[in-house]
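Peer 1: Build me a structure from this.
(one chain, ligands or ions: 1)
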Amino acid sequence: MNALEIMPTTMNQIYHYPVMYREILTLLNLSEKKVVVDCTVGVGSHALRMLEAMKSDALFIGIDRDEDSLSQACAKLQIFGKRVILIKSDFSNIDSVLLNLHIAKADAFIFDLGISTYQLSESNRGFSFSKEGPLDMRMDKNSFVCAADLVNNLSEIELENIFRKFGEERYAYRIARAITDMRRREPIVTTTQLAEIILRATPLKVRDWRLHPATRVFQALRIAVNRELEALKAGIDKAVTLLNAGGRIAVISFHSLEDRIVKHTLRDFSHKGVLKIITKKPIIAGEQELLENNPSRSAKLRVAEKI
Ligand SMILES: C[S@@+](CC[C@H](N)C(=O)[O-])C[C@H]1O[C@@H](n2cnc3c(N)ncnc32)[C@H](O)[C@@H]1O
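Peer 2: Presented below is the predicted three-dimensional model:
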């Protein structure tokens, strides 16, 4: 394994359900591909299945901006030896990643957006409102701004805009106001402290009991901290440019903001005659998968082929 500076974890390996992996294997025609790039390799669960479906002389490149996830993937994929290269990078830099590897083009790209069960389960990463932890939410632990920086330093109107734009949160104003009131008394530094403020700011009578009131605000902060939507547009644009003719790109998104960007970006390339859309409507998880993995319920898969 040529895993540039990435060490396999010695901790127990984590399981993450690879969303719609059967559909991915079928739609990417992996048995014919020579170079496959997983732009969000995570803990390597899709990767494992994809490598099993690929020819033994085909190359797999796995990218992620989270070092801990890469260490998990490294341990899981060691059995494939030199067929696998793992790189720590933001996928919006996919062009530099391939350039550094002296690879001009690839035959398949996959993006499985958001965060993994692993990241969510690690309380010290601060992604989950149900686990006490630092208000962090950085996918790349070396990046400068964490969620606590935003929550404690942005103005009320800036916070409201983030909650409204990236969380589609109806009570954005009330929650932003509650945060600025609280932080005048003490800094907001933990996940549960923030979840509690959101809970108190959300009117009891309109609460949707299927969704914790903090869900949308946590999603919004994660998107803002990691600048996820900018990276997504840049990543897809570059991947399409780097695809060989006949190669395919697959993107799994988990909320409407992401799906809108994926849909419009692929459609724009299709109007320019660069891509053929394979999935006219997004594919959603089948009944069996929904029984096996609840988070798949919000997943949408779109696939296109380079002309
Ligand atoms: C849903 S998980 C992917 C899980 C993976 N498919 C698997 O089977 O283990 C999404 C992953 O994408 C990574 N990620 C999100 N945005 C990224 C970006 N802009 N560049 C690189 N990695 C990113 C996250 O750190 C996370 O590990």
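Peer 1: Setting the sequence-adjacent residues aside, check what's closest to residue 117.
Peer 2: residue 16 (4.7 Å; C-beta to C-beta, 6 or more residues apart in numbering). Every residue, glycine included, has its C-beta placed from N, CA and C.
Peer 1: quick one: the one you found is in a helix?
Peer 2: No. Using DSSP: H, G, I helix; E, B strand; the rest coil, the secondary structure at residue 16 is coil, not a helix.
Peer 1: what's near enough to touch residue 188?
Peer 2: Contacts for residue 188 were tallied using C-beta atoms under 8 Å, 6 or more residues apart in numbering; they are 135, 148, 151, 152, 179, 182, 194, 197.
Peer 1: Dihedrals phi and psi, it?
Peer 2: The phi and psi values for residue 188, taken as degrees, to the nearest 10, are phi -100, psi 110.
Peer 1: Give me the pLDDT value at it.
Peer 2: With respect to pLDDT, residue 188 has a value of 98.
Peer 1: how close does it get to the ligand?
Peer 2: According to C-beta to the nearest ligand atom, to the nearest Å, residue 188 and the ligand sit 24 Å apart.
Peer 1: Going forward, the N-terminal residue is numbered 45.
Peer 2: In the new count, where the first residue is 45, that last one comes out as residue 232.
Peer 1: Tell me how far that residue lies from residue 136.
Peer 2: Distance of residue 232 to residue 136, given as C-beta to C-beta, to the nearest Å: 29 Å.
Peer 1: on that earlier part again, any idea of the pLDDT on the residue nearest to residue 161?
Peer 2: 85.
Peer 1: Please report the distance of residue 263 from residue 308.
Peer 2: 20 Å.
Peer 1: burial measure for the residue nearest to residue 161, as a count.
Peer 2: The local packing of residue 60 (other C-beta atoms under 10 Å) involves 25 other residues.
Peer 1: what's the answer for residue 207, then?
Peer 2: 26.
Peer 1: residues contacting whichever residue of the stretch 245-351 of the chain sits closest to the ligand?
Peer 2: With C-beta to the nearest ligand atom as the measure, residue 275 is the residue of the stretch 245-351 of the chain nearest to the ligand, at 3.6 Å. Taking C-beta under 8 Å, 6+ apart, we find residue 275 in contact with 134, 135, 136.
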